[in-house]
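Undergrad: sharing a model prediction with you, sequence too.
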Amino acid sequence: MEIQETKLEVITPSLCYNLWGSEDCAWAFCPSMGNSGGVLSLWSKSSASTLFTFQGEGFVGVCLEWEVLKHICILINIYAKCDLAVKRKM
């Protein structure tokens, strides 16, 4: 699950568990800048092992190893503000 423009500077475990529906989740996030932006990615801990996460201005990424298939997958969640110059830079 990926959520864009959370508008949150802090993400708590209880928020993630409530969004996911159980405690079987891990997450990575990039906080909002004031009342704009914020990116959150959640995934099942029992289905995938987290190899590493990374983030930058307006994006968060995660490298996962899917348990059953042993495939490695990189997921990147990107959010760019409604500003053409910022979008081009990204």
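TA: Good, I have the coordinates.
Undergrad: show me where pLDDT drops low in the protein?
TA: Low-confidence segments of the chain (pLDDT under 70): 86-87, 90.
Undergrad: middle-most residue in it, spatially?
TA: What sits nearest the mean C-alpha location of the chain, by Cα atoms, centre = their mean, is Ser41, with 2.5 Å.
Undergrad: burial of the residue nearest to Ile74 when sequence neighbours are not counted, as a residue count?
TA: Residue nearest to Ile74 in three dimensions, not counting chain neighbours: Cys63, with 5.0 Å by Cβ to Cβ, 6 or more residues apart in numbering. All C-beta spots, glycine's among them, are computed from the backbone N, C-alpha and C. The number of residues packed near Cys63 is 16, by other Cβ atoms under 10 Å.
Undergrad: just checking, the residue nearest to the centre of the chain touches Val62?
TA: Yes - Ser41 is in contact with Val62 according to Cβ atoms under 8 Å; the separation is 5.9 Å.
Undergrad: so what sits against both of the two?
TA: Listed as contacting both Ser41 and Val62 by Cβ atoms under 8 Å, 6 or more residues apart in numbering are 28, 75.
Undergrad: any idea how far Trp27 is from the residue nearest to the centre of the chain?
TA: Remark: distance between Ser41 and Trp27 (Cβ to Cβ, to the nearest Å) = 6 Å.
Undergrad: and if you look at Val60?
TA: For Val60, the distance to Trp27 equals 9 Å [Cβ to Cβ].
Undergrad: let me know the next secondary structure element after whichever helix in the chain runs longest.
TA: For the chain, the helix that runs over the most residues, judged by DSSP state H, is helix 13-20. Later in the chain than helix 13-20, the nearest helix or strand by DSSP states H and E is strand 25-30.
Undergrad: what angle do the very next helix or strand once past that following strand and helix 13-20 make?
TA: Using DSSP H and E, the next helix or strand after strand 25-30 towards the C-terminus is strand 39-44. Strand 39-44 and helix 13-20 are oriented at 70 degrees to each other (axes from the mean of the first three to the mean of the last three Cα atoms, to 10 degrees).
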